[in-house]
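Student: need a 3D model of the following:
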Amino acid sequence: MNHEQYMTQAIDLAYENVIKDGGPFAAIVVKDEVIVGQGVNLVTKNNDPTAHAEVMAIRDACKNLGTFQLDQCILYTSCEPCPMCLGAIYWARPKAVYYAMNKHEAAQIGFDDAFIYEEIAQVKEKRKIPFIHIKTDDKRPFVGWKNKEDKIEY
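Tutor: Purely as a prediction, here's the structure:
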């Protein structure tokens, strides 16, 4: 597998996205040397803070493959994934991730995720956005899932 070739394609997509109307990020998903999904950063175009390139590529690949896991796939992304994308990647379970630019280079052009990493490490009471637990005895969703016989584990 030619990793540099796929990375070049991801970088080309990212640059095209900058020229059009998006952020400088793109990702592709490859399975058996075939591109099965791709995505570009559409945050401002779609008014969607979750429309990061990696998330869009994962969504596209999962739709195209008819699955919610990409365990036989490789993700190539033009930049080291942010915390949100890192979570999505772990849920998708690809066998590897290759990235070009790193988070420090992204910070130099205004995409600094350091505050998110810092917030994750904070105790809930010290986070900038309050996270308030409302205790309840109503556990129906969890009990229903636990007792569901035809569930698909993930």
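Student: just the element for E118, please.
Tutor: Applying DSSP states H and E as the criterion places E118 in helix 114-121.
Student: which other helices and strands contact the helix or strand following that helix?
Tutor: Next in sequence after helix 114-121, counting helices and strands by DSSP H and E, comes helix 140-147. Helices and strands touching helix 140-147, by 3 or more Cβ pairs under 8 Å, 6 or more residues apart in numbering; DSSP states H and E: there are none. In short, each C-beta sits where N, CA and C put it, glycine included.
Student: contacts for helix 140-147, please.
Tutor: Helix 140-147 is touched from outside by K151, with contacts defined as Cβ atoms under 8 Å, 6 or more residues apart in numbering.
Student: switch to numbering from 3
Tutor: Right, with 3 as the first residue, what we last looked at is helix 142-149.
Student: any stretches of this structure with poor pLDDT?
Tutor: Residue ranges of the chain with pLDDT under 70: 3.
Student: what ranges do the strands span in it?
Tutor: Chain-ordered strands for the chain, with DSSP state E as the definition, fall at 28-33, 36-42, 75-81, 98-103.
Student: so what's Y101 up against?
Tutor: The contact partners of Y101, taken as Cβ under 8 Å, 6+ apart, are 78-83.
Student: any idea which helix is longest in the chain?
Tutor: With residue count as the measure and DSSP state H as the assignment, the chain has helix 5-22 as its longest helix.
Student: give me the contact list for it.
Tutor: Under the criterion Cβ under 8 Å, 6+ apart, residues 25-30, 32, 37, 40, 42-43, 55, 76, 78-81, 100, 102 lie in contact with helix 5-22.
Student: quick one: buried residues of that helix?
Tutor: Neighbour-count burial for helix 5-22, with 16 or more other Cβ atoms under 10 Å as criterion, is recorded at 8-9, 11-13, 15-16, 19.
Student: ditto for stretch 99-109
Tutor: Judged by neighbour count using 16+ other Cβ under 10 Å, the buried positions of stretch 99-109 are 99-103, 105, 108.
Student: many thanks, have a good one.
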